[in-house]
Structure formats: structure tokens, C-alpha cells
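>>> need a structure here:
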Amino acid sequence: MPAHSHSTKTSRFVSIFCAAGCTISGLLGLCGWVFNNEFLRTFLSDGAFIKVNTALLLIAGGGGLWLLNMGRNGTARLLFILMILVSLAVITEHLFKINLHLDELLLKDRFTNAATQAPGRTSLLTAFNLLLAGIALLLLSFKRYNTAELLACCMFIIVYIFLVGHLFYTGGFYQLGEYSAVVFHTASGLAFLAVGILLFDVQRGWIALVYPRFTKKRVIIYLFTYFFFTTALYIGVNLFIIHSLALSHASEAIILLSLAAILTFPVIYFVLVRVNKMKNEILKAEHRIEVALSVSNLGSYDLDLDTNNMKCSDQCKKNFGLAATDTFNFPDLLQAIVPEHREMVMEKVKQAIENKSMYQAEYQARWPDGSLHWITASGRAQYGADGKPLSMSGVTYDNTERLNQIKDMERSFEQARLSKEAAELGTFDMNLLNGTMEWDERCRILFGIGHAGPVTYKKDFVTGLHPDDRDRVVAIISRLFEGENNGDYDVEYRTIGADDKKLRWVRAKGKVFYNNEKTPVRFIGSVFDITENKEDEQRKNDFIGMVSHELKTPLTSLLGYLEILLMKTGNDDDQFTVNALTQAKRQVKKMTALINGFLNLSRLESGKIAIYKSNFVINQLIREVINEAELTAPGNLIHVEPCDDLEITADRDKIGSVLSNLLSNAIKFSPKQTHVSFKCEKVDNMVQISVTDEGIGIKQQDLGKLFDRYYRVENENSKTIAGFGIGLYLSHEIIRRHHGKIWVISEIGKGSTFYFTIPIEVTAV
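As a prediction, the model looks like this:
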């Protein structure tokens with residue numbers, strides 16, 4: 001479950017709980033009147049007692065908040081409007097000294113005499129806070145979160161002072177003139193109501209910025225610990241200092257307020273630090289947006305529609321050929337636009353402001369150096385409360401290069417058609433809905449088809465593939481039809497001419513297109529003859545194989561001589577000679593490994609490498625590879641996750657070379673003293689092995705090419721690491737010939753995991 005979803009559910013539960021707390025506070029006071037229980041009417045209130053209408057309004061507020069949480073907005077709004085009207089009536093009684101008999105509508109107040117006391121016996125402070133609560137709840141029902149949360153926050157601060165006064169019997173904290181004491185029921189109910197409004201939806205309003213930062217587990221623990229300590233200190237001062245000195249209410253209030261200010265200072269400091277951190281986060285976010293805009297060559301502007309002054313980013317000025325220090329206002333912008341486009345731009349700006357819609361325009365502007373550039377601009381106006389347009393904000397983009405590219409593409413389209421004919425490029429177009437296929441003349445030649453009649457996928461294309469390539473190519477195309485690789489098609493294969501029986505090597509490139517339901521509807525592409533290139537490549541591979549084979553003998557002898565010299569100098573004090581011989585031996589081993597790689601590549605592509613099956617336990621082979629690696633590269637921590645002994649049928653030496661290659665790569669591309677993990681497990685009828693490192697990782701754009709021949713990832717971290725991009729290609733081919741699969745999952749800076757699977761019972765290719 002996402003974190004924000006969890007926090008929303010928690011806050012909604014607390015909001016419902018607070019609604020219940022407010023309702024219960026009102027019900028307790030009401031029960032005090034119904035059952036004539038003085039304790040329920042005056043609980044912790046130093047003689048003051050709750051009024052009937054106050055209790056009813058608390059019940060209405062709590063019930064209305066509960067209805068809001070349940071989605072019953074209409075009924076809830078009626079209760080909120082009732083709260084507002086009654087609160088306004090009480091305030092009117094107090095301000096204008098009139099008696100509307102509000103406190104005598106249901107249960108007459110037998111404890112006060114309306115003839116001798118001021119009308120509006122419901123507290124003025126209570127009425128004011130109930131008015132705030134009613135307005136906040138009504139705004140909340142209309143999703144005006146910012147204002148509703150602000151009113152609730154103000155109400156909570158006022159009510160908090162009331163509660164402190166009640167807890168410490170300090171009347172000055174909860175009285176405003178005669179007959180205006182706020183009783184404990186009302187204060188607690190209003191506190192519940194304020195918290196319930198604030199936590200109604202923590203993903204909306206300004207509380208969305210504050211809530212995640214003030215509800216972390218550690219912060220809550222600190223706050224509760226601090227308030228537990230300060231409350232104890234507060235009680236001690238009140239009981240043992242203030243009461244023992246028998247001070248007046250005013251003196252008590254001054255002392256307690258001073259103490260509260262001192263004790264609250266750390267909390268205020270903590271809140272200010274948090275707010276400052278939020279400000280810094282906002283500034284960083286603005287900076288990231290500005291950087292993102294600059295990277296995309298998007299310049300931002302903010303136009304004051306009254307003064308025509310513009311705040312432009314550096315990139316915006318750059319889009320008009322200006323330096324960052326140059327001034328650039330709306331009149332300068334109009335002057336830069338070529339005359340034939342100027343009126344069009346003005347009209348689009350005017351229409352966007354009048355219609356309150358998005359402004360979009362594309363026009364030519366002349367730079368100070370005289371060059372013409374195409375500018376794409378967009379924006380939207382901001383309006384005041386009276387509907388008057390105040391400003392317009394948006395972005396600009398220098399679109400010259402793209403438009404020039406479109407023109408270049410149009411010019412090159414004809415050249416491409418002529419080039420296609422000159423390059424003897426064949427094209428195909430397959431309609432996947434009705435199964436028809438169209439081949440041009442060159443495509444027919446490459447498949448040795450002499451007739452000009454219709455061709456089909458199975459009869460002409462599949463039959464025309466070389467038997468050794470047929471299953472592979474058909475499988476690739478089938479996966480494309482299922483949506484693999486975004487439908488991109490690039491494959492090399494051999495054809496056997498239908499009429500001339502001639503063998504040809506071709507390369508085919510194309511793309512499968514899908515409809516809105518992800519169903520393949522069309523397969524379009526081209527083919528071209530690469531037979532001569534393949535023959536040259538074969539001659540090159542033969543040459544590499546021959547040279548590699550001839551180089552192995554002198555290198556083996558040289559390695560032997562170096563080992564003899566190291567043995568003879570092992571007891572000498574000439575450390576320089578020992579180090580030099582050790583380095584030479586290491587370099588000879590590297591060269592031997594590279595030559596073996598080229599030799600294996602040559603054998604593989606010449607079809608001279610074979611799979612020799614035997615039964616062996618894969619766990620033992622993994623341990624042997626790890627033991628060898630720990631002797632030659634002891635800098636990393638290699639770990640094998642426990643797994644069952646799995647006996648498989650495969651080529652032990654070649655699977656061992658795959659394991660060794662993956663492990664050596666993990667060590668080469670990982671910092672020293674980091675972990676490399678092996679994992680082996682049975683998945684259905686396959687054995688799956690993975691090698692995980694904590695190294696530099698691989699970019700996403702490199703993952704698809706990682707197993708290509710001679711491909712090496714180029715970055716600052718890999719420039720000093722030797723290799724020719726052969727190992728992973730050989731590993732891929734060995735696993736493929738075992739009817740398995742090899743792949744990688746990686747993220748820059750977080751390491752890589754290479755996986756491969758092979759059947760437990762392997763049939764060699």
C-alpha cells in the first residue's frame with residue numbers, strides 16, 4: 001500500500017474519532033440538563049455550566065463532520081448552516097444587548113434570571129468559536145480546504161488556551177467579560193472538532209505540506225515526551241507556587257503565560273526549523289523545475305498584464321538570442337517578432353485572456369544578429385478575485401531546428417527513394433488482419449522468387465528461410481506479434497532461393513504496428529543483401545582464429561619463463577624485480593584470456609564449437625568457480641545463498657565458463673570489499689542461476705545491446721577495465737545452445753544481477 005494512502009486512511013479514522021468526541025462532549029452536557037445533574041453541567045469548569053443550545057450545536061458539529069466523512073454532504077451542510085445562524089444570533093444578543101430567548105427554546109435555564117442578567121447567556125467566546133467551526137465545516141463540504149484548515153487552526157489555538165485555563169483553574173484564560181466563561185465540555189468538543197477538520201483529508205490544502213513532516217514516528221515521540229515533561233512542570237508551578245501565594249487571577253495569568261512562553265519556545269523553534277526546511281524544499285523544487293526546463297530548452301516567463309514587464313528565465317532570453325543580463329519585456333518581444341506574425345500573436349494573446357484558455361502560437365522572431373528563428377510559445381493567464389486578468393505565465397521554445405529537420409526530411413524523402421533503388425533495398429508490407437503480404441521486386445530476388453504473383457508468409461517467407469535459421473526467426477517474429485521490444489524488428493538470417501536454390505545472407509529491419517487494443521495490425525520493413533559482408537566476416541574470423549591459435553604457444557612459453565623467474569627470485573631482496581615479474585605475469589594472463597576469447601568466438605561463429613553433455617551437480621561447479629576467483633581476486637566478498645543439490649545434464653566446461661565470466665565481470669565492475677552473491681534454484685523444469693553485485697550498474701539504453709558481439713559499455717568507470725566485449729556474447733551463445741535464456745536487471749549506482757536459465761535435461765543445438 002502506498003505511504004500516502006496509508007496516511008490518508010489513518011487521518012480519516014482520527015477525523016471520525018474526533019467527530020465522535022465532539023458529539024459525546026455535547027451529549028454529556030445535554031444529559032446534565034435532561035437528568036438535572038450538576039456535575040455533568042459543570043465538569044472541570046469552576047462553577048460555569050454548559051447551555052442547552054451549546055450542547056446541541058456541538059452535537060450538530062460532530063454529527064455533521066461524521067456525515068462528511070461518510071460522504072453525506074447535503075445533510076451535513078444543513079447542520080453547518082444551522083450552527084452558523086444560531087452562533088450569529090447569540091453574537092447579536094451580546095453585541096446589541098437584546099434577548100432573542102435562544103436559551104429558552106427547549107429547556108429553560110433555571111439557574112439564571114433573564115430579567116437581571118444580560119441576554120445571550122451562551123458564552124460570547126463559545127458563539128464565536130462555534131461560528132468559526134460552522135464556517136470551516138461548510139467550506140470543507142465545498143472542498144475549500146485551505147480556508148477551512150486555516151479557520152480550524154485558529155480555532156484550535158483559542159480552544160487550547162481555554163483548556164489550559166480549565167486544567168489549572170485560571171479563569172482569565174477562558175473568560176471574556178461577564179457571563180462569558182467557556183465550560184470544559186465546550187472547550188474539549190471544539191478541540192475535537194478543530195482536529196477533525198484538520199485531519200479530514202491530509203492530501204488537500206496546506207495541511208498536505210505539513211502533515212507528512214510532523215507525523216513521523218520520531219517526531220511524535222519527541223513531542224509527546226516534551227509535553228509530558230512540560231505538563232508536569234506546569235502543574236507543579238500552579239499547585240505549589242501560585243496557589244500557595246494566593247495570587248490574583250491576573251497575576252496567575254501573567255505567571256502561567258510567561259511559563260508557557262518559556263516552555264513553548266523549543267516547540268516554536270522546532271516548528272520554525274521544519275517550516276524553514278519546507279521552504280528550502282520548495283526552493284529546490286523550483287530550481288529542479290528550472291533545470292528541467294533548461295535541459296529541454298524551454299524558457300519560462302511571467303508577464304504582468306498591467307505594466308507589460310516580464311520576468312524571463314535565462315533560457316527564455318536565449319531563445320530570442322539575448323544574454324542572461326539583457327532586459328526583455330513585452331514590447332521587446334513584440335519588436336523581435338517579424339511584422340507579418342506580430343498581429344497574429346497579439347490576437348491569440350487577446351483571445352486566450354478573454355476565453356480563459358491556453359495561449360499557443362508559433363511565429364518567427366529575428367535575433368539581434370539578424371538570424372530568423374521559429375519560436376513556439378504557450379501560456380495561461382491568472383485572474384484576480386474580481387475576474388480581472390493579472391498576469392500570464394508560460395514557456396517558449398526555439399523550434400527552428402525541428403522545423404528545419406522536417407524540411408530536410410521532405411527534401412530527403414525523394415533522395416531516399418532513389419537511394420533505395422541504388423542500394424538494392426527490398427521492402428515488405430504485411431497486413432496482419434487479412435494475412436496478405438506485399439513484396440517489391442528486390443525482396444522477391446533475395447528469396448529467389450521469379451514470379452510476380454501474390455506471396456504469403458508461410459509459403460514464401462517461412463519456406464524460403466534456411467532450415468538452421470527458420471525456428472529462430474519465426475520465434476522472434478511471433479514474440480513481436482505479442483508486443484515484445486515495442487515491435488522493433490532487426491535480425492540477420494540466411495535464405496535459400498525458391499527457384500535458383502542460391503544461399504544468401506540478408507538483414508531485415510522493420511516494425512510491427514498495433515491498434516488501440518494492442519492487437520498487431522501491420523508489419524512493415526526492409527531487407528538487404530549482406531552476403532558479401534558475411535563472407536568477409538567469415539574470412540576475418542578465420543584469420544582471428546588462426547592468429548589467436550598461433551599466439552597461444554609463445555604466450556604459454558612466456559608465462560612459464562615468468563613463473564620460473566618468480567620462483568628463482570622468491571627469496572631475493574630485490575623487490576623491484578619481483579614486482580615487475582608479477583606485473584608481467586598478470587599482463588600475460590590477461591592477454592591469454594583475451595586470445596582465448598577471440599579463439600572461442602572464431603570457433604563459435606565457424607560452427608566448430610560443440611556441446612558435450614554430462615551429468616554434474618551445479619552447486620559443486622559454482623563452488624569451484626568461486627574458489628578459483630577468490631584466489632585470483634581476493635578483494636570482494638563472495639557469498640552463495642543455500643540451495644538444494646541440483647543435478648543437471650549439460651556441458652560442464654562451457655557452463656563453468658559462463659559462471660566464471662559473470663563472476664569476473666561482477667568483481668571487475670564492483671568496488672573492493674563489496675558483496676557478490678550467487679543464487680541457484682529450481683524453477684519448473686529449469687535451473688536458474690543469478691549473480692548479484694553492488695557495482696556501478698548499467699544504463700537502461702545499454703541493457704538491450706549488452707550481449708551483442710564486441711559491445712562494451714562506455715562510461716568513466718569502465719574506461720580503465722580491459723576487455724573487447726566478447727565474454728557476454730559467448731555466454732549468451734552457450735546458454736542459447738543449451739536452449740536457455742540469459743538476461744540482466746540493473747540500475748546505475750545500485751549494482752546488477754545477471755540471470756540465466758537452462759533446462760535440467762539439455763539437448764544440444
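>>> For Asn579, grab the count of nearby residues.
10 (other Cβ atoms under 10 Å). The C-beta positions use only the backbone N, C-alpha and C, and glycine is treated the same way.
>>> Ignore what I typed, I meant Thr436.
Thr436: 13 surrounding residues under other Cβ under 10 Å.
>>> Make sure it is actually in contact with Val455.
No: counting by Cβ atoms under 8 Å, Thr436 sits too far from Val455 to count as a contact (9.1 Å).
>>> Residues that sit against both of those two, list them.
Contact criterion Cβ atoms under 8 Å, 6 or more residues apart in numbering; residues shared by Thr436 and Val455: none found.
>>> Show the end-to-end separation of stretch 306-323, please.
Distance between the boundary residues of stretch 306-323 (Cα to Cα, to the nearest Å) amounts to 25 Å.
>>> Other residues contacting it?
By Cβ under 8 Å, 6+ apart, stretch 306-323 touches 290, 293-294, 297-304, 324, 326, 328-331, 333, 336, 365, 367-369, 371, 373, 375, 390, 395-398.
>>> cool, stretch 521-528 as well?
420, 423-433, 442-443, 446, 477, 480-481, 489, 506-515.
>>> From the residues you listed, list the buried ones, please.
Buried members of these, scored by 16 or more other Cβ atoms under 10 Å, are 420, 425-428, 430, 432, 442-443, 446, 477, 480, 489, 506, 508, 510, 512.
>>> Any stretches of the stretch 101-250 of the chain with poor pLDDT?
For the stretch 101-250 of the chain, the stretches flagged by pLDDT under 70 are 103-121, 160-182, 205-206, 208-250.
>>> at 50 what do you get?
For the stretch 101-250 of the chain, applying pLDDT under 50 flags the ranges 116, 118-120, 168-180.
>>> Now the buried members of the contacts of stretch 306-323.
Buried among those by 16+ other Cβ under 10 Å: 290, 293-294, 298-303, 328-330, 333, 336, 365, 373, 375, 395-398.
>>> Tell me which of those residues fall in strands.
Those of the buried ones among the contacts of stretch 306-323 mapping onto strands are 298-303, 365, 373, 375, 395-398, per DSSP state E.
>>> what's the least confident helix or strand in this protein, going by average pLDDT?
helix 217-237 (a mean of 59; mean pLDDT, DSSP states H and E).
>>> Look at the residue nearest to Ile50 when sequence neighbours are not counted and say how many residues are nearby.
If the residues on either side of it in the chain are set aside, Ile50 comes closest to Gly29, at 3.6 Å by Cβ to Cβ, 6 or more residues apart in numbering. Using other Cβ under 10 Å, the number of residues around Gly29 comes to 28.
>>> Just the element for Gly29, please.
Gly29 is part of helix 3-34 when elements are defined by DSSP states H and E.
>>> what packs against that helix?
For helix 3-34, the elements it packs on are helix 38-42, helix 52-69, helix 184-198, helix 207-214, judged by 3 or more Cβ pairs under 8 Å, 6 or more residues apart in numbering; DSSP states H and E.
>>> the inter-axis angle of that helix versus helix 52-69?
160 degrees (axes from the mean of the first three to the mean of the last three Cα atoms, to 10 degrees).
>>> Quick check: mean pLDDT of helix 3-34?
Averaging pLDDT along helix 3-34 gives 79.
>>> residues touching Gly379, list them.
Tyr301, Leu303, Ala352, Met358, Tyr359, Met392, Ser393, Gly394, Val395.
>>> what's the pLDDT at the first one?
The confidence metric pLDDT takes the value 89 at Tyr301.
>>> if I look at it, how far off is Arg444?
58 Å (Cβ to Cβ, to the nearest Å).
>>> helix or strand for Ala148, which one?
Going by DSSP H and E, Ala148 is part of helix 145-167.
>>> Please read the previous query as pertaining to Asp499.
Using DSSP H and E, no helix or strand contains Asp499.
>>> ok, it - how many residues close by?
11.
>>> Surely it is in contact with Arg444?
No: with contact defined as Cβ under 8 Å, Asp499 does not reach Arg444; the gap is 9.8 Å.
>>> Find residues that contact each of those two.
Gly450.
>>> so where is the stretch 451-600 of the chain shaky, pLDDT-wise?
Flagging of the stretch 451-600 of the chain using pLDDT under 50 yields the residue ranges 549.
>>> all helices of it, in order?
Remark: helices assigned in the stretch 451-600 of the chain by DSSP state H, counting those that start in this stretch are 463-464, 467-481, 531-568, 575-605.
>>> Could you do the stretch 251-400 of the chain as well?
Counting by DSSP H, counting those that start in this stretch, the helices of the stretch 251-400 of the chain are 314-319, 330-336, 339-355, 400-422.
>>> Tell me which of those sits nearest to Val676.
Closest to Val676 of the helices of the stretch 251-400 of the chain, according to Cβ to Cβ: helix 314-319, at 44.6 Å.
>>> Alpha carbons only: can I get that closest one in PDB?
The C-alpha trace of helix 314-319 is given here as PDB (Å, rounded to 0.1, in the frame of the first residue of the first chain):
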ATOM      1  CA  ASP A 314      17.900  32.800 -18.900                       C
ATOM      2  CA  GLN A 315      16.700  30.100 -21.400                       C
ATOM      3  CA  CYS A 316      13.800  32.300 -22.400                       C
ATOM      4  CA  LYS A 317      16.100  35.100 -23.300                       C
ATOM      5  CA  LYS A 318      18.400  32.700 -25.000                       C
ATOM      6  CA  ASN A 319      15.500  31.600 -27.200                       C
END
